[in-house]
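Enquirer: This is the structure alone, sequence omitted:
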């Protein structure tokens with residue numbers, strides 16, 4: 001018995017796809033009698049034609065995998081498809097470092113820990129790639145300030 005019409009009508013009535021329409025195989029004769037939307041609605045009400053749930057496509061495994069990746073798993077040589085520079089461009093790292101160092105220099109100048117000439121010297125040194133990171137810059141600033149204080153002390157004496 002061909003129930004294509006009934007399936008199509010049921011899908012239309014229930015506002016879903018034909019894939020989600022379930023027709024009771026034990027009631028084939030009764031379903032085949034139904035050829036109008038009204039009769040299909042009656043079958044739906046009786047539970048002979050049912051709208052099934054959508055198939056679950058769980059992201060649980062994907063989420064777990066992402067969590068592991070955040071911890072640093074699955075990132076060995078065998079999992080890499082791009083070159084080092086493609087995965088994390090050197091330029092991006094440079095920009096980040098420059099912004100960090102310049103922010104620090106501005107903050108120090110604002111709080112009078114650096115005067116304009118020292119600020120300028122350190123700014124250009126940072127641009128010239130003399131400081132690997134923030135810690136190195138802070139150390140060199142302290143060293144320079146101590147040196148200046150020492151020379152001033154000697155001059156006073």
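Expert: That came through fine. Small disclaimer: the values here were computed from a predicted structure and weren't measured.
Enquirer: show me where the chain has strands.
Expert: Secondary structure of the chain (DSSP state E): strands located at 21-23, 49-51.
Enquirer: Buried residues in the longest helix seen in the chain, which are they?
Expert: Longest helix of the chain, by residue count under DSSP state H: helix 134-156. Going by neighbour count (16 or more other CB atoms under 10 Å), the buried part of helix 134-156 is 137, 141. In this view, the C-beta of every residue, glycine as well, is placed from N, C-alpha and C.
Enquirer: What lies in contact with it?
Expert: Identification of contacts with helix 134-156 by CB atoms under 8 Å, 6 or more residues apart in numbering yields 100-101, 104-105, 108, 113-114, 118, 122, 125-126, 130-131.
Enquirer: Now render those residues as JSON lines, adding pLDDT, neighbour count and distance to residue 72.
Expert: Putting those into JSON lines (pLDDT from 0 to 100; neighbours: other CB atoms under 10 Å; distance: CB to CB, whole Å) gives the following:
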{"residue": "100", "pLDDT": "98", "neighbour count": "15", "distance to residue 72": "23"}
{"residue": "101", "pLDDT": "98", "neighbour count": "22", "distance to residue 72": "27"}
{"residue": "104", "pLDDT": "98", "neighbour count": "19", "distance to residue 72": "28"}
{"residue": "105", "pLDDT": "98", "neighbour count": "21", "distance to residue 72": "33"}
{"residue": "108", "pLDDT": "97", "neighbour count": "19", "distance to residue 72": "34"}
{"residue": "113", "pLDDT": "94", "neighbour count": "15", "distance to residue 72": "37"}
{"residue": "114", "pLDDT": "95", "neighbour count": "22", "distance to residue 72": "38"}
{"residue": "118", "pLDDT": "97", "neighbour count": "17", "distance to residue 72": "40"}
{"residue": "122", "pLDDT": "98", "neighbour count": "23", "distance to residue 72": "34"}
{"residue": "125", "pLDDT": "98", "neighbour count": "15", "distance to residue 72": "34"}
{"residue": "126", "pLDDT": "98", "neighbour count": "19", "distance to residue 72": "30"}
{"residue": "130", "pLDDT": "97", "neighbour count": "13", "distance to residue 72": "31"}
{"residue": "131", "pLDDT": "97", "neighbour count": "22", "distance to residue 72": "27"}
